[in-house]
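>>> from the sequence below, what's the structure:
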Amino acid sequence: MTEFVNVFSDVKNFKIEFKVSTIGKFKSKSKYSGIYKYKFVKNIFKKIIDLTVNEAKPETKIKGLKITGYPHVSRFFEYKEIVENHPDASHVLLTDVRDVFFQRNPFKNLSKGLFVGMENPDFTIGTEQYNQKWILDAYGESFYNLAKDEQVSCSGVTIGDHESIKVYINKMIEEFCKQPYQKMSNRIYDQAMHNKLLITNELSEITRCQPFESIIVTLGLYPIEQISINDQGFIINRNQEIIPIGHQHDRHLELIQLCDNYIGK
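Got it, this is the predicted structure:
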């Protein structure tokens, strides 16, 4: 965790709290200890949990999805608990882990509102195959036709003030609960709901963080030759400034090495 300590060292009362998550155990292929390593036991527990879910009662869907859903979905229920248990936090960052690294403190001079990462603007929901599939699956052809020309926002990194993040989390959970439980418990996406909220203007004070023009650069859909790196090995924006948050760097071998070198400093 050296990377996190170094980047956030100037934050007042900085500390990292670790919480062992329970999400994803019914879906993970990892070898957990105890009953979770036995697939048939997990299947039995899932069937029991499924029986407790009532489509007309969102609270039962929430309890079920938190346990049986994929982490892409079930993480939002833990987000909700953590944010509600820390009302004194001024700002909150919701982030993926494997493919995110920090080059500067992203909270520095951060204003109010919600900041979401945008993908390469050369791609739209209609031309990027995964987002096209997710939107169609979640909301059908009618909404897809409305959304297909929109730029894709990635749900992997979202940052904002405490209240904006809390509203966003609750809106995402509402969207999950609008879907049939059996369907949502077997889907690996949250990004369809994330983009739907943006496209339908259901969130206020939104800043769309364009790549190389903001505090978030979402790299996955960019060819490596379009990614600028300075002499120190940091990814920089169009003004030659270091970008605080790098996301999806692991789509490029060159950036994986850059990140490894950075963490090792």
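
>>> drop to CA atoms for contacts and neighbour counts, all remaining ones
Fine.

>>> buried residues of stretch 134-146, list them for me.
By neighbour count with 16 or more other C-alpha atoms under 10 Å, stretch 134-146 contains the buried residues Trp134, Ile135, Leu136, Ala138, Tyr144.

>>> what's the answer for stretch 232-249, then?
By neighbour count on 16+ other C-alpha under 10 Å, the buried set for stretch 232-249 is Phe234, Ile235, Ile236, Asn237, Ile242, Ile243, Pro244, Ile245, Gly246, His247, Gln248, His249.

>>> assign Glu174 to helix, strand or coil.
Applying DSSP: H, G, I helix; E, B strand; the rest coil to Glu174 yields a three-state assignment of helix.

>>> gap between the helix or strand Phe101 falls within and the chain center?
Taking DSSP states H and E as the criterion, Phe101 maps to strand 100-102. Put simply, strand 100-102 sits 13 Å off its chain's centre (C-alpha atoms, centre = their mean, to the nearest Å).

>>> could you measure from the residue most central in space within the chain over to Gln191?
The central residue of the chain, meaning the one whose C-alpha is nearest the mean C-alpha position (C-alpha atoms, centre = their mean), is Gly156 at 2.6 Å. Gly156 sits 8 Å away from Gln191, going by C-alpha to C-alpha, to the nearest Å.

>>> now Gln46: phi and psi?
Not Gln; residue 46 is Lys. Main-chain torsions, Lys46, degrees, to the nearest 10: phi -60, psi -40.

>>> so it makes contact with Thr68?
Yes: the pair Lys46 / Thr68 is scored as a contact, 6.6 Å apart, by C-alpha atoms under 8 Å.

>>> comparing the two, which residue is more hemmed in?
Applying other C-alpha atoms under 10 Å to Lys46 and Thr68 shows that Thr68 carries more neighbours, namely 27 against 15.

>>> and the gap between the more buried one and Gln191?
Per C-alpha to C-alpha, Thr68 is found 19 Å from Gln191.

>>> then Phe176?
11 Å.

>>> looking at those two, which one has more neighbours?
With neighbours defined as other C-alpha under 10 Å, Phe176 and Gln191 compare such that Phe176 has more, 25 against 21.

>>> spit out the contact partners of the closest residue to that one other than its chain neighbours.
Nearest residue to Phe176, sequence neighbours excluded (C-alpha to C-alpha, 6 or more residues apart in numbering): Met184, at 6.8 Å. Going by C-alpha atoms under 8 Å, 6 or more residues apart in numbering, Met184 touches Leu65, Gly69, Phe176.

>>> and the first one, what does it touch?
Leu65 makes contact with Val73, Ser74, Tyr181, Met184, Ser185, according to C-alpha under 8 Å, 6+ apart.

>>> also the last one?
Phe176 is in contact with Val73, Met184, Met193, counting by C-alpha under 8 Å, 6+ apart.

>>> reformat the residues you listed as JSON lines; add secondary structure and distance to Leu255.
Formatted as JSON lines, those follow (DSSP: H, G, I helix; E, B strand; the rest coil; distance: C-alpha to C-alpha, whole Å):
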{"residue": "Val73", "secondary structure": "helix", "distance to Leu255": "28"}
{"residue": "Met184", "secondary structure": "helix", "distance to Leu255": "33"}
{"residue": "Met193", "secondary structure": "helix", "distance to Leu255": "29"}
